[in-house]
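Enquirer: Provided below for reference: sequence and predicted model.
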Amino acid sequence: MKTIDVPEGKKIYFSSDNHLGAPTKDLSFPREKKFVAWLDNIKEDAAAIFLLGDLFDFWFEYKTVVPKGFTRTLGKLAEITDSGIPVYYFVGNHDLWMNGYFEEELNIPVYHQPQSFLLNGKSFLIGHGDGLGPGDKGYKRMKKVFTNPVSKWLYNWLHPDFGVKLAQYLSVKNKMISGDEDIKFLGEENEWLVQYCRRKLEQQHYDYFVFGHRHLPLEIPLNEKSTYVNLGDWISYYTYGEFDGASLSLKKYEPSEG
């Protein structure tokens, strides 16, 4: 379990589901500028930043090529890590084909599974959230195909102009890939991530479970000492998590904040 201390006056920030590039480059651009403004704002007091996946609506790392665009976001992340602020990335269902670019170019560790962190003495389980808990069997089967080394090897042989365009089309049109079939609160008994968290609590205590994927800002007490937090998204809500060293809360970014 990685430990991070939060110095006095500093905070740890969490964000998820920006889906940059969707539904089109032009429509995504204002959202990207808003996200970059948020990064620029929080770098003043950030002890660490966690990005919980689907930063891009599609991302695939060929051996010598990455998808075109997102220059402002990547440049700002490079500026932040160069300044000494650690950034941690968890792949989502739209950018699960990461393979070294963030580590090599941005000095950002990338995780493909939920990870445990001890933040200022509070225990966190952090991840994107796709494919966890009961149900969603169709997506789970599809994810096994997408993450299979043979599938990745075959896709790598597609010319990037065709491969990226195909993936962008499917990420918007295929609800199983996009994960936005049920962007409404289903009730605690039907929220797979809530059920997943409760099962994890039977094995080990966590003060906070922090996930994305659902595109809904949620704060749900699991018991007297544990809380499930979903970060929402940067499409409809522009919400993020802020941990001040003692407690985690959801906040909404407004340009007037910075």
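Expert: Happy to help now that I have it. Numbering: from 1, shown residues only.

Enquirer: Wait, a helix at residue 194?
Expert: Yes - applying DSSP: H, G, I helix; E, B strand; the rest coil, one finds residue 194 inside a helix.

Enquirer: State the distance from it to residue 83.
Expert: 37 Å (Cβ to Cβ, to the nearest Å). C-beta coordinates here come from the backbone N, C-alpha and C atoms, glycine included.

Enquirer: Please apply the same query to residue 209.
Expert: 29 Å.

Enquirer: Which of the two has more residues huddled nearby?
Expert: Remark: of residue 209 and residue 83, residue 209 carries more neighbours, 27 against 9, as counted by other Cβ atoms under 10 Å.

Enquirer: So which residues of the stretch 151-258 of the chain form strands?
Expert: 208-211, 217-221, 227-231, 239-243, 248-252 (DSSP state E, counting those that start in this stretch).

Enquirer: next one: the stretch 1-150 of the chain
Expert: Under DSSP E, counting those that start in this stretch, the stretch 1-150 of the chain gives strands at 2-4, 11-15, 46-51, 87-90, 110-111, 115-119, 122-126.

Enquirer: what is the orientation angle of the last one with strand 115-119?
Expert: Right, strand 122-126. Here the directions of strand 122-126 and strand 115-119 differ by 150 degrees (axes from the mean of the first three to the mean of the last three Cα atoms, to 10 degrees).

Enquirer: What is strand 122-126 packed up against?
Expert: strand 115-119, strand 208-211 (3 or more Cβ pairs under 8 Å, 6 or more residues apart in numbering; DSSP states H and E).

Enquirer: Direction included, what does it pair up with?
Expert: strand 115-119 (antiparallel), strand 208-211 (parallel) (DSSP bridges).

Enquirer: Now do the shortest one, average pLDDT.
Expert: Across strand 208-211, the average pLDDT comes to 98.

Enquirer: what separates it from the chain centre, distance-wise?
Expert: Put simply, strand 208-211 sits 12 Å off its chain's centre (Cα atoms, centre = their mean, to the nearest Å).

Enquirer: Alpha carbons only: can I get it in PDB?
Expert: Extracted C-alpha coordinates of strand 208-211, given in PDB (Å, rounded to 0.1, in the frame of the first residue of the first chain):
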ATOM      1  CA  TYR A 208     -12.900   5.600   1.200                       C
ATOM      2  CA  PHE A 209     -13.600   3.900  -2.100                       C
ATOM      3  CA  VAL A 210     -13.100   6.300  -5.000                       C
ATOM      4  CA  PHE A 211     -14.100   5.400  -8.500                       C
END
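
Enquirer: Make 48 the first number, not 1, from now on.
Expert: Shifting the count to begin at 48 puts that one at strand 255-258.

Enquirer: still on that earlier bit, mind putting the strands of the stretch 48-197 of the chain into a markdown table with mean neighbour count?
Expert: Converted to a markdown table, the strands of the stretch 48-197 of the chain look like this (neighbours: other Cβ atoms under 10 Å):
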| stretch | mean neighbour count |
| --- | --- |
| strand 49-51 | 12 |
| strand 58-62 | 23 |
| strand 93-98 | 22 |
| strand 134-137 | 22 |
| strand 157-158 | 18 |
| strand 162-166 | 17 |
| strand 169-173 | 21 |
